[in-house]
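Trainee: What follows is a protein structure lacking sequence information:
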């Protein structure tokens, strides 16, 4: 059973905090490099000051970026920069955005879920209702978020989950409440419009909680934050509020649900050899060469629509390669203990056949790097200038970039329902849910 409840969120007091467009931020794992200072410079109250406070050379165990974040939160609450709502509510979160020259609208609701461990098997009788993960995580990111949680005892960033509601019972309640005036309406740096509405009606709140009891939820984005919440709850067994975590819930049937690819940039391999890589690839893939990237991506998309498994490859030889898997049977040999659904994923094929078997980047080596850019693989989200930037990186310091088609939502659901995990960064649900619209203080 899934227990979902409304809560009294802390929200920005615009009279004191200023222009709301300057207060919110992307999730912490997106904030890096120049973006940290860019967000900090928007306002002294931008939420990034808390979720991404910068470390200093003179930091100690007693005074560091996490303790500074805790002090900021305390000060903002004391000075009414952040004010708690008077009554418990669910909060509708809608995002208008453009992808592939098409306008989309994705909406869901923000509420608290009673924490439970990820399910590992189906119940002996009846339908499954619980929390599922769909991809693996890196321990370094969990440690970072846990340090922040301990010092602030609050939840800032949203965990984005999807759930099945084919009858759209919850969506109908949300759509009714979206006819009201939103309590927040801002556009971000990428042109995405974010709006928040409150659900205060007792009957509506009760119905949402009731409809969610027999559902399962799949973590779409925020595995680290969920595991952090579990760890914090275990550290504070007597704190009731720590047994809940703030989530954004979106119906799997929502027409605005979009998954974009995450590409892999390869670097730092001591024995990297372009010829050896191509020879290894030819054993398992049909290869077509192009002078430009566009025909490579066109062929990848065509193969995707045909249900085939295709990838792109660029090295510093000036050529673009479209790779189409010859025989899916290779995955039976490489992942014999996994389900057919997991073996047939593009991301599983790329990791098992190309990264691991051909390049020697196994699971242990993957764990040596994160999205910050270290290690052997850097994950490149397929949006904006990411493709051009990755090509530029290969021309300068990186060794190769492997381009992917997106993972389908139904593939995410199938793997999660089988209680398995995809490789890390298998999905990129676009757009990201932003941080700062609602904050859940634990004490």
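Mentor: Looks like it arrived, so ask away. As the structure is a computational prediction, the values presented were derived from the model and not from experiment.
Trainee: from here on, contacts and neighbour counts on C-alpha atoms
Mentor: Will do.
Trainee: What's the first helix or strand after the longest strand out of those in the chain?
Mentor: Counting by DSSP state E, the longest strand found in the chain is strand 102-114. Sequence order places strand 131-132 as the next helix or strand after strand 102-114, per DSSP states H and E.
Trainee: Now do that following strand, average pLDDT.
Mentor: Average pLDDT, strand 131-132: 92.
Trainee: Tell me where the stretch 301-443 of the chain has strands.
Mentor: Assigned by DSSP state E, counting those that start in this stretch, the strands in the stretch 301-443 of the chain fall at 310-314, 320-325, 377-381, 400-403, 428-430, 440-441.
Trainee: ok so, going back, tell me which strands and helices the longest strand of the chain is in contact with?
Mentor: In this structure, strand 102-114 makes packing contacts with strand 4-5, strand 90-99, helix 169-177, strand 244-251, judged by 3 or more C-alpha pairs under 8 Å, 6 or more residues apart in numbering; DSSP states H and E.
Trainee: the inter-axis angle of that strand versus strand 244-251?
Mentor: 150 degrees (axes from the mean of the first three to the mean of the last three C-alpha atoms, to 10 degrees).
Trainee: By neighbour count, which bits of strand 102-114 are buried? Give me those.
Mentor: Residues 106, 107, 108, 109, 110, 111, 112, 113, 114 are the ones in strand 102-114 that count as buried (16 or more other C-alpha atoms under 10 Å).
Trainee: Look up how far residue 25 lies from the fourth one.
Mentor: Plainly put, residue 109 is 18 Å away from residue 25 if you go by C-alpha to C-alpha, to the nearest Å.
Trainee: Show the backbone phi and psi for residue 227.
Mentor: Dihedral angles phi and psi of residue 227 (degrees, to the nearest 10) take the values phi -60, psi -30.
Trainee: Any chance of the backbone angles for the residue lying closest to it once chain neighbours are set aside?
Mentor: Nearest in space to residue 227, with sequence neighbours left out and distances taken as C-alpha to C-alpha, 6 or more residues apart in numbering, is residue 142 at 7.0 Å. The phi and psi values for residue 142, taken as degrees, to the nearest 10, are phi -70, psi -40.
Trainee: Residue 142 reaches residue 225, doesn't it?
Mentor: Yes: in terms of C-alpha atoms under 8 Å, residue 142 counts as a neighbour of residue 225; the distance is 7.0 Å.
Trainee: out of the two, which sits in the busier spot?
Mentor: residue 225 (23 against 18; other C-alpha atoms under 10 Å).
Trainee: wait, what's in contact with the more buried one?
Mentor: The contact partners of residue 225, by C-alpha atoms under 8 Å, 6 or more residues apart in numbering, come to 142, 145, 159.
Trainee: Pull the distance from the helix or strand hosting it to the chain's centre.
Mentor: Element membership for residue 225 (DSSP H and E) is helix 223-235. Its chain's C-alpha centre and that of helix 223-235 lie 16 Å apart, by C-alpha atoms, centre = their mean, to the nearest Å.
Trainee: Please identify the buried residues of that helix?
Mentor: The neighbour-count check on helix 223-235 (16+ other C-alpha under 10 Å) flags 223, 224, 225, 226, 227, 228, 229, 230, 231, 232, 233 as buried.
Trainee: Let's have those residues in TSV, adding pLDDT and distance to residue 332.
Mentor: Shown next, in TSV, are those (pLDDT from 0 to 100; distance: C-alpha to C-alpha, whole Å):
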residue	pLDDT	distance to residue 332
223	89	28
224	89	30
225	93	33
226	95	32
227	94	31
228	95	34
229	97	36
230	96	35
231	96	36
232	97	39
233	97	40
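Trainee: Those residues into a markdown table, with extra columns for distance to residue 304?
Mentor: Putting the buried residues of helix 223-235 into a markdown table (distance: C-alpha to C-alpha, whole Å) gives the following:
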| residue | distance to residue 304 |
| --- | --- |
| 223 | 27 |
| 224 | 30 |
| 225 | 32 |
| 226 | 32 |
| 227 | 33 |
| 228 | 36 |
| 229 | 37 |
| 230 | 37 |
| 231 | 39 |
| 232 | 41 |
| 233 | 42 |
